[in-house]
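Participant: Sequence first, then the predicted structure:
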Amino acid sequence: MNELLAQLREWREAIDRRLPPWWSRALTVALIVAGIVLPFLFAKTSGFTNATIIALAYAVMAVGLNVVVGFAGLLDLGYVAFYAIGSYAMGWLGSTFFFKAHVHVLVHGIANQEIGIHLNFLLILIAAALICAVAGVLIGLPTLRLRGDYIAIVTLAFGEIIGTVAVNGTDIHVGGGMTLTAGNIGISAPDQPYFPGIGQFNGALNLRPFYWLILGILLLVVVINVRLRDSRLGRAWVALREDEVAAVSMGIPLVRTKLLAYSIGAAFGGMSGAFFATYYTVINAGQFQFGFSILILAMVIVGGLGSIWGAVVGGLTLGYVNNYLIPNTFNSLPSKLGLHFQLTSVEFGIYGFLLVLVMVLRPQGLVPERRRKLEITGEIGAEDAQLVEPTATGPPL
Amino acid sequence: MFLLALPVYYTIRDLTHGYAAGFVHGHPVIHHDLSQIGFNFAQGLSNGAIWALIAIGYTLVYGIIELINFAHGDVFMIGSFTATGLWGTLGLGLATGPIGIVFGLLLTLIVSMAVCGSLNVLIERVAYRPLRSAPKLAPLITAIGFSFILQNVGLLWLGGSPYSVSDLLRENNTVFHLSGVPITRGYLLALGVMVPLVFALNWFISTTRAGRAMRATAQDPEAARLMGINVNSTISLTFLLGGMLAGGAGLVYALYETNVWYFQGFKAGLFAFTAAVMGGIGNVRGAVAGGLIIGTIQAFADNRMSGGEWTEAVVFGYLIAIMVLRPRGLFGEETREAG
């Protein structure tokens, strides 16, 4: 098995050597062009385009969570909080929900006449990112002194608290008979995006503009992430992840570096959340469940912790599995095998299985980050060495 | 002490403003005494007995391998389901006589403890042991994965909505009154299962050879191994004990709540983990105390704050407050410092 892998690696390196040095850039450009023309291959409102849009939005979230979990090594199990906050930012700033207000900024058509606050989608996107960045700092603050798995629990608790607030937000009055959220009834019909020069989006007639919008957001987020990874801040994150004590004694500011990881990761989640809100055309408290945090985490893990392209691949893969393969292609599989359940009902079990499988068999993920891969495979090598001769180190009882 | 905030607030409120004890001709009868507080405490302590049993499992496992066994709450759920399923198989129902009930329940208790114990050992073998030398994130993630797998097993087993269990013990029947507070069979059952199990566990850990091996491994696995302790089987034993207690808790929960749900383990697991952290993780007595405290907080939030809508937020708020103010818990950790 190992020989086979070594042989494969040799072949791949041989191919790499023969290709011109610019081929990886060319491949990236080709992929982006392919991504831009992809929706023309399908009908304007096809199910596949729909699944692709959702998968791209998931990928944005996965890239955001990767900053916190992958770069900085802070296991965040409450990422759904930023999905919620981003979505509510859309609901608050781009719908009739705050019906006492009359604010219209750069909107068009019906949104320009309706009651409530109506900002242009780009402004809402920025606002959602900013609100989530602040929320990320608030969630990060209590975890600063804590060790790894305690961080997981505190962030999880925060996610659950935000979820509870979203469900019970109808009891929280913000003045003028308006409440904080609409609970399980949901804030309905947030504005569809409108851009001067491009026009008004309408998801019922044409999904393609949404596709290009989310593709653009994803590319932007990926570019920001690549620049961040190679920056001083990115290296500080990795240093903290690897050895906190050593990093701090080298002069890395612990508090600022960790909080920046939380807030930047949260900002991306908020952007995706705002997009989801306008795309799903409803902001319902029932969407913000713990399972969502795990779904996004599974994307990061499956793709490869700390790897930006891994997060994109993981997000797209699980996005398609979640929205296309399980509900459309394989949903009737159990009944064909004589079992009386639908695959959609056990999708989280499938993610759980994937998490276990990837962690046990390929902990570095599908598209591993180079540094991380070395670490992980190096350590597994050491463990294998232990397993080979257990009697040499201690007598069995 | 911020822990006392809720009980103290409601004690003062009950005495000054009073509470509605009932309705006569449509008008509320206002009482100014402490029996409502007593009721909250009685319900809270019996809730807490269940959380305490689960919390011990978290604390034992964390004490020995420093892993939050995320699947533990779902092992507890499987315990409830095993008990429920077994009652169906044995034909235990409302018509069964008292002797049949007692023997049936003892049998189910043993079976569900055995099932949960072995399940926990199995999870450790499959999902945690291969990753023992991997980064600490890895086993935590497989634990989350197993948590979801078990939930879906439960979903396929008894369906997606809460499954009602026949009220075998008539758990709401009052046995006696304690200064005006009715003590029901359910309360006695919860405490009556928890107390002997905790004493048995305490005896096992403090006196037996295997218990000493557990404590030694928790203190320093490397040194324990050098002293001739088989660390792997000691860890398996720890998971076995934790799983057995969760199985017991599962049976009590099914009888006490008279319904079971595939998702019950999620909330139970988080509450119990909060309890374990509150008592100082790695500390068995602390976990029991923490469980009782969390149960009480939960009872206050359930009964006093608009029907339990905010309970989770209140409990998790306490969790975060403990983490920030006293990360070592109320009674201190007994584990080594994480390296």
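Facilitator: Arrived safely, thanks for sending. Keep in mind the model is a prediction, meaning the values are calculated, not measured.

Participant: Is B:Asn202 in contact with B:Ala287, as I believe?
Facilitator: No - the pair B:Asn202 and B:Ala287 does not pass the contact test of CB atoms under 8 Å, sitting 11.5 Å apart. Just so you know, the C-beta spots here come from the backbone N, C-alpha and C atoms, and that holds for glycine as well.

Participant: neighbour count winner among the two?
Facilitator: Neighbour comparison, B:Asn202 and B:Ala287: the larger count goes to B:Ala287, with 34 against 15 (by other CB atoms under 10 Å in any protein chain shown).

Participant: A helix includes that one, no?
Facilitator: Yes - assessed with DSSP: H, G, I helix; E, B strand; the rest coil, B:Ala287 lies in a helix.

Participant: what residue ranges in the chain are flagged as low confidence?
Facilitator: All of this is about chain A. Applying pLDDT under 70 to chain A picks out residues A:1-2, A:340, A:370-397.

Participant: Oops, wrong one, chain B.
Facilitator: B:1-4, B:20-22, B:306-307, B:332-339.

Participant: center of it, which residue is that?
Facilitator: B:Trp51 (2.2 Å; CA atoms, centre = their mean).

Participant: dump the residue contacts of that residue.
Facilitator: B:Trp51 makes contact with B:Ala268, B:Phe271, B:Ala272, B:Ala275, B:Gly290, B:Gly291, B:Leu292, B:Ile294, B:Gly295, according to CB atoms under 8 Å, 6 or more residues apart in numbering or on different chains.

Participant: tell me which element the fourth one is part of?
Facilitator: Taking DSSP states H and E as the definition, B:Ala275 sits inside helix B:264-278.

Participant: anything in that helix near chain A?
Facilitator: Yes - using CB under 8 Å from any CB of the partner chain, helix B:264-278 reaches chain A at B:Phe266, B:Leu270, B:Phe273, B:Thr274, B:Val277.

Participant: Flag every residue of the stretch 1-150 of chain B that's near chain A.
Facilitator: Checking the stretch 1-150 of chain B against chain A by CB under 8 Å from any CB, the hits are B:66-68, B:126-127, B:130-142, B:144-149.

Participant: need the helices for chain B, in chain order.
Facilitator: B:5-16, B:35-65, B:72-90, B:98-123, B:137-158, B:185-207, B:209-219, B:221-226, B:231-257, B:264-278, B:284-304, B:311-325 (DSSP state H).

Participant: next one: stretch B:113-130 to chain centre, how far?
Facilitator: Stretch B:113-130 sits 18 Å away from the centroid of its parent chain (CA atoms, centre = their mean, to the nearest Å).

Participant: Same check on stretch A:136-145?
Facilitator: 20 Å.

Participant: Any idea how far apart the tips of that stretch sit?
Facilitator: The straight-line separation of the ends of stretch A:136-145 (CA to CA, to the nearest Å) is 16 Å.

Participant: How about it, which residues are buried there?
Facilitator: For stretch A:136-145, a neighbour-count test (16 or more other CB atoms under 10 Å in any protein chain shown) marks A:Gly136, A:Ile139, A:Gly140, A:Pro142, A:Thr143 as buried.

Participant: which bits of the stretch 151-300 of chain A sit near chain B?
Facilitator: Counting by CB under 8 Å from any CB, the residues of the stretch 151-300 of chain A near chain B are A:152-154, A:156-158, A:160-161, A:164-165, A:167-168, A:171, A:290-291, A:294, A:297.

Participant: List only buried entries from those residues.
Facilitator: If you count burial by 16+ other CB under 10 Å, the buried members of those come out as A:152-154, A:156-158, A:160-161, A:164-165, A:167-168, A:290-291, A:294, A:297.

Participant: Show me which pair in those is furthest apart.
Facilitator: Based on CB to CB, the longest span within those runs between A:Asn168 and A:Leu297 and measures 25.7 Å.

Participant: So what angle separates the directions of the helix holding B:Ala275 and helix B:284-304?
Facilitator: Orientation check (axes from the mean of the first three to the mean of the last three CA atoms, to 10 degrees): helix B:264-278 against helix B:284-304 gives 120 degrees.

Participant: Could I have the CA atoms of helix B:264-278 written out in CSV?
Facilitator: Output in CSV follows, covering the C-alpha atoms of helix B:264-278 (Å, rounded to 0.1, in the frame of the first residue of the first chain):
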residue,chain,number,x,y,z
GLN,B,264,-32.9,14.1,24.0
GLY,B,265,-29.2,13.3,24.3
PHE,B,266,-28.1,16.5,22.8
LYS,B,267,-29.6,18.7,25.5
ALA,B,268,-28.9,16.2,28.2
GLY,B,269,-25.3,15.9,27.1
LEU,B,270,-24.7,19.7,27.2
PHE,B,271,-26.4,20.1,30.5
ALA,B,272,-24.4,17.2,32.0
PHE,B,273,-21.2,18.6,30.5
THR,B,274,-22.0,21.9,32.1
ALA,B,275,-22.5,20.1,35.4
ALA,B,276,-19.2,18.3,35.0
VAL,B,277,-17.4,21.6,34.3
MET,B,278,-19.2,23.3,37.2
